[in-house]
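# can you look at this prediction? I've put the sequence above it.
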Amino acid sequence: MKSWDARHATERLRRRRGVWRWEAIWNNRRRIRAVVDSCRTLDFGGAQGPLGRRSVIVDVLPCDVLGRKVPYSDLSKAVDVEKPECIFASHVLEHLSDAELEMFWSCVIGVRHLIIHG
């Protein structure tokens, strides 16, 4: 699967593949699944391409691409409530302001697994 093809695929295909449409994510899917299936995971910024796998989405959008309500818009609140062992972030950190990025790094302290893509 080529990243360009996957990124620019039809909306139906994008909805079906979610975050797995990215080549690097797809090529490392076994490792990623091993981590996220074994612990509580927050999918930070995942509304447009949900990780799935029982992860909890944190995003500024009210619903994900499948129409499901996003439970958290604030990462620090999600971390306090959910007590995640893993935080997954794909193509989101580059959109954060300096203050939001500082907040992100303060939230990941103590998390066992941090998966960042993009």
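Everything's here; your move. Numbering: from 1, shown residues only.

# the residue nearest in space to the middle of the chain and E100: what is the separation?
Centroid-nearest residue in the chain: D43, 3.2 Å away (criterion: C-alpha atoms, centre = their mean). From D43 across to E100, the span is 17 Å (C-beta to C-beta, to the nearest Å). Placement of C-beta: from N, CA and C, glycine included.

# quick one on the thing from earlier: residues touching the residue nearest to the centre of the chain, list them.
Taking C-beta atoms under 8 Å, 6 or more residues apart in numbering, we find D43 in contact with V19, P50, L51, S55, V56, I57, V58, F88.

# ok, now with 6 Å
The contact partners of D43, by C-beta atoms under 6 Å, 6 or more residues apart in numbering, come to L51, S55, I57, F88.

# by neighbours, which of these wins?
F88 (27 neighbours; other C-beta atoms under 10 Å).

# direction included, what does the helix or strand hosting that one pair up with?
Assigned by DSSP states H and E, F88 falls within strand 86-90. Paired neighbours of strand 86-90 in the sheet (DSSP bridges): strand 41-44 (parallel), strand 113-117 (parallel).
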